[in-house]
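Undergrad: dropping a prediction and its sequence here:
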Amino acid sequence: MDMTDITNTDASLDQKLKEAYFTAGQGQLIWQRFKKNKSALAGAWVLIALILSGIFAPFLTPYDATIAGRDKDYMNGAPQIPIFWDDNGFSIRPFIYSFERSRSIKTNFRWVTEIKSELEDRRYVTFFAKGQEFKFLGIKFERHLFGVDRGMIHIFGTDSTGKDIYSRTMTAINTSMAVGTIGVVIAFFMALVIGGVSGYYGGKIDAVLQMITDTVKTIPSIPLFMALAAFVPDTWSAEERFFFISVVLGLIGWTTLARRIRTHLLSERNQEYVLAAELCGASPGHVIRRHLLPSFTSYIIVDLVISFPYMILAETALSFIGLGLKDPVNSLGVMLQNVTSADVLLNYQWYFIPVIFFIILVLAFVFVGDGLRDAADPYSDAK
Amino acid sequence: MLQFSKFVAVRAALAVLTLVLVSFIVFTLMELVPGDCAERYVAFKSSQGSVITAADIQIERVRLGLDQPYVQRWGSWIFNAFQGEFGDSCILRVNIAQLLGQKFWLSLGLCLSALLLAYAIAIPVGIIAATSKNAVLNNSLRLVSYLGLALPNFLLALMIMLFSTVFFGDSLTGLFSKEYRDAPWDYDKVMDFLGHAWLPVFILGWSATAFAIQTVRALMSDEIGKLYVTAAAARGVSGRRLLMRYPARHALSPIINSLGFDLNRIFTELPIVALILTLTEAGSLLIEALARSNDQQLAGAIIFMLTASIVGINFITDIILALTDPRIRRSIVG
């Protein structure tokens, strides 16, 4: 009995693998294929890291990202990079230097920073430092990941009002994700209803709905968006504005997804497996739930991931020209509002540091979306 | 021939219908903006020191025809719009057609050149990407087209400005040098214009190119595995001749079809790029109208004209496709 077991191990292992393959759910199959795509997997890790750092921003950043966290002694200050050693020797704890700022007629009334690099001017970086109180999930905390023992530390520098650019960048990731999520959810809902009706009923309803979709697609989106954003009265609070902008993004962004859902429904509706189910006496509800929906949920998820960066970029562009979000809400667009001035271009280039994070965020989304698209395509193995 | 002119007529009617629909959406948006032209004008008057009463606002409303019902005003607006007449701007108090005139054609020219540039690069590169088996080439092309998305035009414009200010001390902005701004068009002005215009065209073309490369590559790789290509190869056609005569012809007709929407994408980015590069001659007027002054009359006219040119391009490409693609020609003529 044991003997037969051993001789059959190879065959049964093979059998098991095959069985696992053929009985695997759609999610498992997609995950198997996705894992093989190295760049998509890397993108996924980067994305998770960025999202987590956005969520835990209040803890990861030393200061409040709004005006409450400003450093009024260090406006338009250059990034302070912690170092471990200098001419005065090595230190286990990284440190930055103190500075003295002055301005006079000699410096053309521009703040000039004089760094003091003596041993006693070192400001040591502390971890889990006590700082400004912040609320997270309704609980009050006052420890931040890092800080300095005296004064303040700005690893990405500060802007013209003395706000810490590092703190703002991390918070801005959160804002972008929130705008993207609200926008995508609304766009998804509209696309599902309009595309679903269009594809399910076909015929005249389809023709009319497609005409409307095409018309909305013809209007250039940013000008349309600007026209909509111009409604926002100046008296609205930052939060109301934020919500309105996200909703508008969704209301404009549904056309592509609606078209895809409609095309997919139209083609799937005439497939043999749907006919077979109908011939077996399945009700329309059963056909939609058990056959049509599972056939394209993975496509929809992929489409959602792909449309995410477009939402983020649209918000950024809009805030950048001053029609989107406004202070004290932090987003990349808000942070970039003043960078076109020659003063910033020539003297304060660290204003551009957040751009790097956003390029990485969008790139990560694109890599993951592309990887998911390949993984969700059941024929991608054959190619 | 008769069928063909019928086809053209139907397409033209559809284009006009789309424009009417668009005009309805745009007009409704303009109506929804809080406040109307009369209030805005009167507010301007009162800032000049005149005392304004509610009756004055009402008189101004009647003068501008704002007291008439909504549908009637939409009707007359669209009727005039099709004749290129958009009335006066709410704030600037000048005729919109005159105000836009040259600026609109310059903007359209910039966008069309960007579109041309995009496809001039994307078609050969996309075909190479689809046919080449070189992994390094493919991956680097892929990265470039990803960057086209991740580094949108306005960020690219900012980066170029940053770079050129730091290294050349010139921020490369504007469309004309000072001395040519109001000069009549002559050879020198054209040269000066071209010397400035390459940058906006490059920036506008940047993500359009990335996008186009992906489209061309996807369409090409779909076509290249098909049996008619294998059959042609078996008949002894090979190399560039095979690619150009068989799969490329099939792959390119959907691209011609979507040119209108490509132009749409470029138009979308124009106002922001124009703002960064301070192209006061193009595009940024829209931001001016919407963000700064809330001038609904001007904004509506600009959006309508942009959409009209997109619909126009869609119409032209439909006709071109019907003329060049035998499959479509056959389906029309029957």
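TA: Alright, I've got the coordinates. Residues are numbered from 1 along each chain as shown, chains lettered A, B, ... in the order given.

Undergrad: okay, now the unreliable bits of chain B?
TA: Scanning chain B for pLDDT under 70 picks out B:33-37, B:40-41, B:43-45, B:47-50, B:64-66, B:89-93, B:169-186, B:280-295, B:332-334.

Undergrad: repeat the analysis, applying 90 as the threshold.
TA: Residue ranges of chain B with pLDDT under 90: B:1-113, B:118-119, B:121-334.

Undergrad: can you give me every residue that contacts the residue positioned nearest the centre of it?
TA: In chain B, the centroid-proximal residue (C-alpha atoms, centre = their mean) is B:Phe267; its distance is 3.2 Å. Counting by C-beta atoms under 8 Å, 6 or more residues apart in numbering or on different chains, B:Phe267 makes contact with A:220, A:223, B:111, B:306, B:310. For glycine as for every other residue, the C-beta is placed from the backbone atoms N, C-alpha and C.

Undergrad: find the nearest non-adjacent residue to the third one, please.
TA: Nearest in space to B:Cys111, with sequence neighbours left out and distances taken as C-beta to C-beta, 6 or more residues apart in numbering or on different chains, is B:Ile266 at 4.7 Å.

Undergrad: next, count neighbours for residue 103.
TA: This is for chain A. 11 (other C-beta atoms under 10 Å in any protein chain shown).

Undergrad: please go with chain B instead
TA: Using other C-beta under 10 Å, B:Lys103 is surrounded by 18 other residues.

Undergrad: show me the strands in chain A, by range?
TA: A:83-86, A:89-102, A:112-116, A:122-136, A:139-148 (DSSP state E).

Undergrad: how about JSON lines for those, with distance to B:Ala13 added?
TA: Shown next, in JSON lines, are those (distance: least, C-beta to C-beta, whole Å):
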{"stretch": "strand A:83-86", "distance to B:Ala13": "72"}
{"stretch": "strand A:89-102", "distance to B:Ala13": "70"}
{"stretch": "strand A:112-116", "distance to B:Ala13": "68"}
{"stretch": "strand A:122-136", "distance to B:Ala13": "60"}
{"stretch": "strand A:139-148", "distance to B:Ala13": "64"}
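
Undergrad: for B:Leu100, find the nearest of these.
TA: Proximity to B:Leu100 (C-beta to C-beta) singles out strand A:112-116 among these, at 47.4 Å.

Undergrad: C-alpha coordinates for that closest one, PDB please?
TA: Written as PDB, here are the backbone C-alpha positions of strand A:112-116 (Å, rounded to 0.1, in the frame of the first residue of the first chain):
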ATOM      1  CA  VAL A 112      20.300  84.800   4.200                       C
ATOM      2  CA  THR A 113      21.000  81.700   6.200                       C
ATOM      3  CA  GLU A 114      24.300  81.300   8.000                       C
ATOM      4  CA  ILE A 115      24.900  77.800   9.100                       C
ATOM      5  CA  LYS A 116      26.800  77.400  12.300                       C
END
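
Undergrad: show me what contacts the residue nearest to B:Cys111?
TA: When contacts are counted by C-beta under 8 Å, 6+ apart, B:Ile266 touches B:111, B:114-115, B:204-205, B:208.

Undergrad: element containing it?
TA: Assessed by DSSP states H and E, B:Ile266 sits inside helix B:259-276.

Undergrad: now, the contacts of B:Ile266 that are in helices?
TA: Using DSSP state H to define helices, the subset of those located there is B:111, B:114-115, B:204-205, B:208.

Undergrad: low-confidence regions, chain A specifically.
TA: Residues of chain A meeting the criterion pLDDT under 90: A:1-44, A:50-383.

Undergrad: with mean neighbour count added, can I get the strands of chain A in CSV?
TA: Output for those, formatted as CSV (neighbours: other C-beta atoms under 10 Å in any protein chain shown):
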stretch, mean neighbour count
strand A:83-86, 12
strand A:89-102, 14
strand A:112-116, 11
strand A:122-136, 15
strand A:139-148, 15
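
Undergrad: wait, isn't B:Ser309 in contact with B:Ser107?
TA: No: with contact defined as C-beta atoms under 8 Å, B:Ser309 does not reach B:Ser107; the gap is 9.6 Å.

Undergrad: the more surrounded of those two?
TA: When B:Ser309 and B:Ser107 are compared for neighbours, B:Ser107 comes out ahead with 27 against 20, by other C-beta under 10 Å.

Undergrad: who in the stretch 1-150 of chain B is up against chain A?
TA: B:17-18, B:21-22, B:25-26, B:29-30, B:32-34, B:146-147, B:149-150 (C-beta under 8 Å from any C-beta of the partner chain).

Undergrad: among those residues, name the buried ones.
TA: The neighbour-count test (16 or more other C-beta atoms under 10 Å in any protein chain shown) applied to the residues of the stretch 1-150 of chain B next to chain A identifies B:18, B:21-22, B:25-26, B:29-30, B:33, B:146-147, B:149-150 as buried.

Undergrad: narrow these to those in helices?
TA: Within those, residues falling in helices by DSSP H are B:18, B:21-22, B:25-26, B:29-30, B:146-147, B:149-150.

Undergrad: any chance of those in a markdown table, with distance to B:Ile276 too?
TA: Below are these laid out as a markdown table (distance: C-beta to C-beta, whole Å):
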| residue | distance to B:Ile276 |
| --- | --- |
| B:Thr18 | 31 |
| B:Leu21 | 33 |
| B:Val22 | 28 |
| B:Ile25 | 28 |
| B:Val26 | 26 |
| B:Leu29 | 25 |
| B:Met30 | 27 |
| B:Tyr146 | 22 |
| B:Leu147 | 19 |
| B:Leu149 | 19 |
| B:Ala150 | 18 |
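
Undergrad: which of the residues in the longest helix along chain A are buried?
TA: Secondary structure assigned by DSSP H gives helix A:165-201 as the longest helix of chain A. Applying a neighbour-count criterion of 16+ other C-beta under 10 Å, one finds A:165-180, A:182-184, A:186-188, A:190-191, A:194-200 buried in helix A:165-201.

Undergrad: mind listing what the residue of the stretch 1-150 of chain B found nearest chain A touches?
TA: Proximity of the stretch 1-150 of chain B to chain A (C-beta to the nearest C-beta) peaks at B:Ala150, 4.1 Å away. Residues in contact with B:Ala150 (C-beta under 8 Å, 6+ apart) are A:309, A:359, A:362-363, A:366.
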